[in-house]
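> Following is a predicted model, sequence given first.
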Amino acid sequence: MHGFGYQRAAAAAAATTAGLLLGLAPTSASATSGPIAVGTGDSRCTTAGSLCVFETEWFTGRTALYQDVDTECVTAPFGILANINVTDRPVTFYKKADCTGFSTTEPAGNLHSWKSLGPMYGFRA
């Protein structure tokens, strides 16, 4: 019986690892629990309450989805050059991962890119 429990735990760990390697993720995440990697054009990026950030100014490349963005500083998983903000509040993006330095604020319900400002590495609502 003890060996069977071990096999079940090993199978669960293998399934979780496979899901992570394949890019599968839960359907939602908060800014504090981390981003969900999504593909370019994912419909969740236009769902009320979501914030999607993009690696390029063309809304392509690596893309991360956040929900429940609050006033806590979030370190981006990559340099952000564009966003779709479908939250109910403005989001401020910062040059530094610790939400200091030069910043730009994007209003709620807006999308924007900023190649001329360079990549941003932190944000908060």
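Yep, it's here. Keep in mind that this is a model prediction, so the values were computed, not measured.
> where does the chain dip in pLDDT?
The model of the chain has pLDDT under 70 over residues 1-34.
> residue boundaries of the strands in it?
Counting by DSSP state E, the chain has strands at residues 36-38, 50-54, 63-67, 74-80, 82-85, 91-94, 103-106, 110-113, 120-124.
> With distance to residue 44 and mean neighbour count as added columns, please give those strands in CSV.
Every residue, glycine included, has its C-beta placed from N, CA and C. Shown next, in CSV, are those (distance: least, Cβ to Cβ, whole Å; neighbours: other Cβ atoms under 10 Å):
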stretch, distance to residue 44, mean neighbour count
strand 36-38, 6, 18
strand 50-54, 6, 24
strand 63-67, 6, 23
strand 74-80, 16, 18
strand 82-85, 10, 24
strand 91-94, 17, 22
strand 103-106, 18, 16
strand 110-113, 14, 15
strand 120-124, 18, 22
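> Excluding covalently adjacent residues, which one is nearest to residue 88?
Nearest non-adjacent residue to residue 88, counting by Cβ to Cβ, 6 or more residues apart in numbering: residue 108, 5.4 Å away.
> And for residue 47?
Closest to residue 47 by Cβ to Cβ, 6+ apart is residue 86, at 6.4 Å.
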